[in-house]
Structures are given as structure tokens and as C-alpha cells.
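*Asks:* sequence below, structure please.
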Amino acid sequence: MSGCIRQCDWDDNDVCRSCGTDYSPPKKLRPFHLAFPVDDLIAAKQFYTEVLGCSVGREKEESCVFKFYGHQIVAHKVPQMPKLSTNPVDGKDIPALHFGIVMDWNDWHKLKGKFESENIEFVVDPYTRYENQPGSQATMFIKDPCGNHLEFKSFKDESAIFDGSW
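*Replies:* Purely as a prediction, here's the structure:
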């Protein structure tokens, strides 16, 4: 079988009709990769290691790889950060360009406490969005020293993460 190049067309058993890859559960999630700009690589490295607890992988003068909750994120040095746009959500200006992680409920609360005890400034203070509704989620936003926004969120009901019915 050939011709897929990961543009899989799944059959009823979650097997790609082209390449034969079996996507049926349980399938261990592979780490995602995300590259993002920074205009101060030294400050970024300090933030991602000391504030977020990331370990460092490969380092170069123009980039640094971090292990972010088991995923690979790479800071790339740029001469100037891109302009930020926001989008109104729940009466808050949410950065349209952001990344983050969906956490276990208790881990999210521990991280919230850590940020508060270390006086990390919130871009969006911790709160529960859609409280007592389907899709209820705890969320908080912070930013790194270069202006990249990170969202940390958690769902009490994990089935709501990808639920499109609400």
C-alpha cells in the first residue's frame, strides 16, 4: 500500500485504506512539534526551564529545543516579534496566536498555585469558562519574556475536550 503520506483515509476499523496504518485505540500519542519566535533566546531559555520546568534539548545560537510536557517545542531567534492580534472570548481579549497544554484537573490547580506563589503575571487570570455547562474548562494565560502567549487549560469532564455538540 502506498500513496498516503499521512493524509490517511480511515476505514470503519480506523485503518488507513492507503498505507495500512492502524489508528484504532489504544494508540500512544506521539509528541507534537511546535516552533515559535523569540527575540531574546537567553531570557526565553530561562523562562521555559525555570518557570515551566522544561528540559533543554539541542541548542544552537539561533534556536533551542525544549521538552514541554513531553512535546518538542523550539524557540527560534528572530530580530523582531510578530504583531499580536486578540479575539474577544468571554469578554476577555484572548491572544489569537497562542499555544499550551490541556492538563489533568489537579495538575492544573497545582500549576496555578505555583504561578501565584511565584508572582507570575497572568494575561488572563485563572477562571472557569462555561461553568456548569457542557465544555466547562479551567483556563489561564501567561506570556513568556518575548511576548508569546501560553494557555494552560483543564476539563473536569475530559470527554468534553473534543466534544462538538456544545
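
*Asks:* run through who's touching stretch 110-117.
*Replies:* With contact meaning CB atoms under 8 Å, 6 or more residues apart in numbering, stretch 110-117 is reached by 103, 120, 122, 126, 138, 140, 142, 152. All C-beta atoms are positioned from the backbone trio N, CA, C, and that covers glycine.

*Asks:* and what of stretch 125-137?
*Replies:* Applying CB under 8 Å, 6+ apart, the set of residues contacting stretch 125-137 is 89-90, 112, 138-140, 153-157, 160, 163, 165-166.

*Asks:* for that stretch, what is the average pLDDT?
*Replies:* Stretch 125-137 carries an average pLDDT of 89.

*Asks:* can you give me how far the biggest helix by length in the chain is from the chain middle?
*Replies:* As assigned by DSSP state H, the longest helix anywhere in the chain is helix 105-117. Taking the mean of its C-alpha atoms, helix 105-117 sits 16 Å from the chain's own mean (CA atoms, centre = their mean, to the nearest Å).

*Asks:* sorry, back to before: show only the entries of the contacts of stretch 125-137 found in strands.
*Replies:* 89, 138-140, 153-155 (DSSP state E).

*Asks:* just put the residues you listed in a markdown table and tack on neighbour count and distance to Gln72.
*Replies:* Shown next, in a markdown table, are those (neighbours: other CB atoms under 10 Å; distance: CB to CB, whole Å):
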| residue | neighbour count | distance to Gln72 |
| --- | --- | --- |
| Val89 | 12 | 28 |
| Ala138 | 19 | 25 |
| Thr139 | 23 | 23 |
| Met140 | 22 | 23 |
| Lys153 | 17 | 20 |
| Ser154 | 23 | 22 |
| Phe155 | 20 | 24 |
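
*Asks:* which of those residues sits closest to Val51?
*Replies:* Met140 (13.4 Å; CB to CB).

*Asks:* ok, the closest one to Asp14 distance?
*Replies:* 34 Å (CB to CB, to the nearest Å).

*Asks:* one step back: closest to Thr21 among the ones in strands among the contacts of stretch 125-137?
*Replies:* Phe155 (28.2 Å).

*Asks:* how about that closest one, nearest residue that isn't a chain neighbour?
*Replies:* Distances taken as CB to CB, 6 or more residues apart in numbering put Gln137 closest to Phe155, at 5.0 Å, once the chain neighbours are dropped.
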